[in-house]
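Undergrad: build me a structure from this.
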Amino acid sequence: MKKALLVLSLALGIFSSISAQTAANIDQVLNFKNDIFDFGSPGNIGKPTGNDIREQKMTLPIIYTINHGSKEDRSELIDIVKNHNEESKKIKTAIQLVINNGGIEYAHKRMTELANEAL
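TA: All right, here's what the predicted structure looks like:
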C-alpha cells in the first residue's frame with residue numbers, strides 16, 4: 001500500500017523534491033511492471049500480451065532469458081523475436097520460454113528491489 005501511495009503521489013506531482021535517482025528507480029519499476037504484464041494472461045490484465053515480442057523489444061525478461069537460458073531456448077527465442085514475431089503460436093512459445101527460464105521471476109525481483117530503494 002505504501003508503494004502504491006508513493007507512485008500515486010509522484011504521478012499527481014505531490015512530491016516535487018525527490019532525488020533524480022528515486023525518480024529513475026520509480027520509472028524503471030513502472031517499466032518492469034509493464035514488461036511483466038506483457039507476459040501475463042490477457043483476461044487477467046486487460047490488455048493483449050506479446051506486444052513487446054511483436055515489436056521486437058528487448059525487455060528485461062527477454063534479455064534475462066537470452067543470457068541465462070539453455071542454448072536451445074536462447075536460439076529459439078531469438079529466432080521468434082527476429083523472424084516470427086507476428087505468429088501468435090510462436091509468440092505463445094516465446095512467452096512460455098521466458099516464463100520457464102525465470103525471466104519474469106527475475107524482472108519481478110529487480111522491480112521489487114528498485115521499489116524498495118525508492119522508498
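Undergrad: which residues are contacting stretch 58-72?
TA: 32, 35-36, 38-39, 52-53, 73-74, 77-78, 81, 97-98, 101-104, 106-107, 110 (C-beta atoms under 8 Å, 6 or more residues apart in numbering). Heads up, the C-betas are built off the backbone N, CA and C, glycines and all.
Undergrad: on contacts alone, who are the packing partners of the strand or helix carrying residue 110?
TA: Using DSSP states H and E, residue 110 maps to helix 103-118. Helix 103-118 sits against helix 20-37, helix 60-68, with contacts defined as 3 or more C-beta pairs under 8 Å, 6 or more residues apart in numbering; DSSP states H and E.
Undergrad: what lies in contact with that helix?
TA: Contacts with helix 103-118, where a contact means C-beta under 8 Å, 6+ apart, come from 3, 6, 22, 25-26, 28-29, 32-33, 35-36, 39, 59-65, 68, 98.
Undergrad: what angle sits between it and helix 20-37?
TA: Taking axes from the mean of the first three to the mean of the last three C-alpha atoms, to 10 degrees, one finds helix 103-118 and helix 20-37 inclined to each other by 160 degrees.
Undergrad: buried residues in helix 103-118?
TA: By neighbour count with 16 or more other C-beta atoms under 10 Å, helix 103-118 contains the buried residues 103, 104, 106, 107, 108, 110, 111, 114, 115, 118.
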